[in-house]
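Undergrad: dropping the sequence and predicted coords here.
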Amino acid sequence: MSAQVVRVCALYPELMNIYADRGNLLMLEQRCRWRGIDFRLSPSTLEAPLRDEHDIYYIGGGQDSDQRLCAADLVARKAPALRAAAARGAIVLGVCGGYQLLGHSYEIGEEHVEGVGLLDVRTVREDGPRLIGNIAITLEEGVLVGFENHAGRTRLGPDQPPLGRVLSGHGNDGHSGFEGARRDNVLGTYIHGPLLPKNAWLCDWLIARALAVEPETLAVLDDALEDAAHASALHAAGR
Ligand code: GLN
């Protein structure tokens, strides 16, 4: 059997990385390593080219100021490769600010920040508090838990499915009951925490998709700590 390898590209890892979003990369790496799967991580930051040669593209959350810089670079330099990767079935995962940039746009007052449009979503700033707190959502495949903190409100286009439904917390806009968005292997979510360490099943789901195998075929790991982290976050979210 040929050796398995997962190639991950972290977009703007030093700028789009708040609330421990880097933990998502560590989790992917560790769960691959434990299974003897070769894990290759390449960063692509401002002004760097982006190649359509990775299995997973990942972009975390960020402050508006950093997000502006990254959005301009993403659209100007990286959008064609990212769109080509998504079209061939590569995984694209965006968290919070990263999720917003996978949509069409983020309106901050009069300012229009363009995204790459891989998800049919638009984000606006509205009067009202930031949407902050513990969150739990349900998907067909399982429950995701974590922490959200965003000022932007994200609206789904008419045919854009959410990633999941809010069990507790705010989600995309605080009232629709939707959280995140998904189109094929392109996923966006507001869940920090970080996302993958608290939701090991999603990490394995991503690894399996990257390898084009079913998650059940991955070697079973001792998830006592991961399960405890999930249970604790679920409890914090009041479930
Ligand atoms: N700057 C964005 C917002 O406030 C995203 C924040 C984040 O990534 N946590 O909506």
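TA: Perfect, I can see it now.

Undergrad: what sits against the residue of the chain found nearest the ligand?
TA: Distance from the ligand to each residue of the chain (Cβ to the nearest ligand atom) is smallest for Gly61, at 2.5 Å. The C-beta positions use only the backbone N, C-alpha and C, and glycine is treated the same way. The neighbourhood of Gly61, defined by Cβ atoms under 8 Å, 6 or more residues apart in numbering, consists of Met16, Asn17, Ile18, Tyr19, Asp21, Val95, Cys96, Gly97, Gly98, Tyr99, His150, His192.

Undergrad: so which bits of the host helix or strand of Arg68 are buried?
TA: Arg68 is part of helix 64-73 when elements are defined by DSSP states H and E. The neighbour-count check on helix 64-73 (16 or more other Cβ atoms under 10 Å) flags Asp64, Asp66, Gln67, Arg68, Cys70, Ala71, Asp73 as buried.

Undergrad: residue contacts, Asp64?
TA: Gly97, Ile108, Ala151.

Undergrad: looking at the residues you listed, which are in strands?
TA: Among these, the members found in strands (DSSP state E) are Ile108.

Undergrad: for Ser105, grab the count of nearby residues.
TA: Ser105: 16 surrounding residues under other Cβ atoms under 10 Å.

Undergrad: that one contacts His112, correct?
TA: Yes: contact criterion Cβ atoms under 8 Å: Ser105 and His112 qualify, at 5.9 Å.

Undergrad: before we move on, the earlier item: near the ligand too, which of the contacts of Asp64?
TA: Subset of the contacts of Asp64 in contact with the ligand: Gly97, Ala151, counting by Cβ under 6 Å from any ligand atom.

Undergrad: now render the contacts of Asp64 as TSV, adding neighbour count.
TA: Listed next are the contacts of Asp64 as TSV, based on neighbours: other Cβ atoms under 10 Å:
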residue	neighbour count
Gly97	29
Ile108	15
Ala151	15
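
Undergrad: among the contacts of Asp64, which one sits closest to Trp205?
TA: Set against Trp205, the nearest of those by Cβ to Cβ is Gly97 (22.6 Å).

Undergrad: so the residue of the chain closest to the ligand sits in a strand?
TA: No: remark: Gly61 does not belong to a strand; assigned using DSSP: H, G, I helix; E, B strand; the rest coil, it is coil.
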